[in-house]
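Novice: 3D model of this:
(one chain, ligands or ions: 3)
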Amino acid sequence: MSESVYRILDASLNRVGEGLRTLEEYARFVLDHPAHSATGKQLRHDLAAAAGRLSKVRLLSARDTTGDVGTTIGLDSEASRESITAVVHAATGRTGQSLRCLEEYGKCIDVDFAADIERLRYVFYDWSARLGVIAESGQADRGASRRNRIRDARLYFLIDAMSSDEALVSHVAALADAGVDVFQLRDRSASDRTLFRRSLAGAKAAGEAGALWVVNDRVDIAAASGADGVHVGQDELPIGAVRGVVGPDVLIGVSTHDVDQATEAVRGGADYIGCGPVFAGRTKSFDAYVGPAFLSDIVALDLDIPAFAIGGIDAGNVRSVIDTGCVRIAVTGALRDADDPVAATRVLKATLLGK
Ligand SMILES: Cc1ncc(COP(=O)(O)OP(=O)(O)O)c(N)n1
Ligand SMILES: Cc1ncsc1CCOP(=O)(O)O
Ligand SMILES: [Mg+2]
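Specialist: Residues are numbered from 1 along each chain as shown. Ligands and ions are numbered 1, 2, ... in the order given. Now for the predicted structure:
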């Protein structure tokens, strides 16, 4: 009898290990979710600790893969998966069933092992249910796609609220078509109501044109208007507090002025950083400028998130930015004050792409 039980336990332990790893990879690489990835890792460690109560020799000697009649029984539904969500559901079902097998058959061998598995099963149910909700709601794809798009972005434009929704929408459409990858709504004089309305309209227009829409400073307006991201400075809400408001799928950008702030932003969970002010510009004045040397330092750090140089950058000096290895810029005046903003966008974008 115990030979068969060890055979079941060995097969179920392998199945649970594989299932946990499948879900952990989803949390880590699809969701980019540190807490959910950590839970998966912890569950795998707890499983290994519980398995340590059983005799490894007996488990291995009971293994008989070639004589297992189950290995040749395949269902058509297992041959392919129609989506990542289907992978998550399949792994969740298989892992939950195998945990129950471990618990029930484990009681024949070692009650402490069975009790460990029962505890693990409850944590697993909670964790996998959360992952399932995220997968089902399509939120995973939203956060991951935004992070991929900010990585691919080169030209980021800080736009004001303009005179009307219509004016903003047509400007966003034209500049996105010419090469702006990210828009940031930054307007210190517009009312909350105007910012909210413009952000709703801008987010829609940017989304339709394949660009990202970010709101400066105002976490509440970013969340309420469905923006792709929010940008905060060193004196504004810390990243953790912003994340608490906007959730896992909204990008958080952070302004940085030195290397310590940049590494701290990465550690804190920022999705991108702004680096500057590089040069003096017409939009905002500062007591000091970091110059291209700071950009070289940032490039040397080889950070895991994209960095956008900001401050007084235009077609005349963009090459000195690119020479540092930093190929992403955020601008206001260079496009806002251009006689032909569409043409200016094309020139900057082509230069950033090395054309
Ligand atoms: C992309 C980007 N980088 C930096 C800033 C500056 O942010 P902050 O220091 O908070 O200053 P204000 O823009 O709020 O005046 C930014 N907005 N965007
Ligand atoms: C908001 C801000 N933060 C650092 S520089 C800057 C202004 C960017 O505008 P410009 O490109 O006109 O210098
Ligand atoms: Mg700010």
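
Novice: domains of this protein?
Specialist: Annotated domains of the chain cover 2-137, 143-352 [automatic domain parsing].

Novice: residues of the stretch 201-350 of the chain that sit close to ligand 2?
Specialist: Taking C-beta under 6 Å from any ligand atom as the contact definition, the stretch 201-350 of the chain meets ligand 2 at 276-277, 281-284, 310-313, 331-334. C-betas here are computed from N, CA, C, even on glycine.

Novice: among these, which one has the lowest pLDDT?
Specialist: Among those, Arg282 carries the weakest pLDDT, at 93.

Novice: pull the contacting residues for the closest residue to that one other than its chain neighbours.
Specialist: Leaving aside its chain neighbours, Arg282 sits nearest to Gly333 (4.5 Å; criterion: C-beta to C-beta, 6 or more residues apart in numbering). Remark: with contacts taken as C-beta atoms under 8 Å, 6 or more residues apart in numbering, Gly333 is in contact with Gly281, Arg282, Thr283, Gly312, Asp314.

Novice: please repeat the previous calculation with a cut-off of 10 Å.
Specialist: Leu158, Gly281, Arg282, Thr283, Lys284, Gly311, Gly312, Ile313, Asp314 (C-beta atoms under 10 Å, 6 or more residues apart in numbering).

Novice: want to try CSV for those, with neighbour count as columns?
Specialist: Shown next, in CSV, are the contacts of Gly333 (neighbours: other C-beta atoms under 10 Å):
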residue, neighbour count
Leu158, 23
Gly281, 21
Arg282, 12
Thr283, 17
Lys284, 16
Gly311, 25
Gly312, 22
Ile313, 24
Asp314, 19
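
Novice: now intersect those residues with the strands, please.
Specialist: Judged by DSSP state E, the subset of these located in strands is Leu158.

Novice: closest to Asp141 among the contacts of Gly333?
Specialist: Leu158 (27.5 Å; C-beta to C-beta).

Novice: do you know how far the closest one is from Arg149?
Specialist: As judged by C-beta to C-beta, to the nearest Å, Leu158 and Arg149 stand 18 Å apart.

Novice: same deal with Thr256?
Specialist: 21 Å.

Novice: the more surrounded of these two?
Specialist: The residue with more neighbours, out of Thr256 and Arg149, is Thr256; 25 against 16, by other C-beta atoms under 10 Å.

Novice: fine by me, we can end here.
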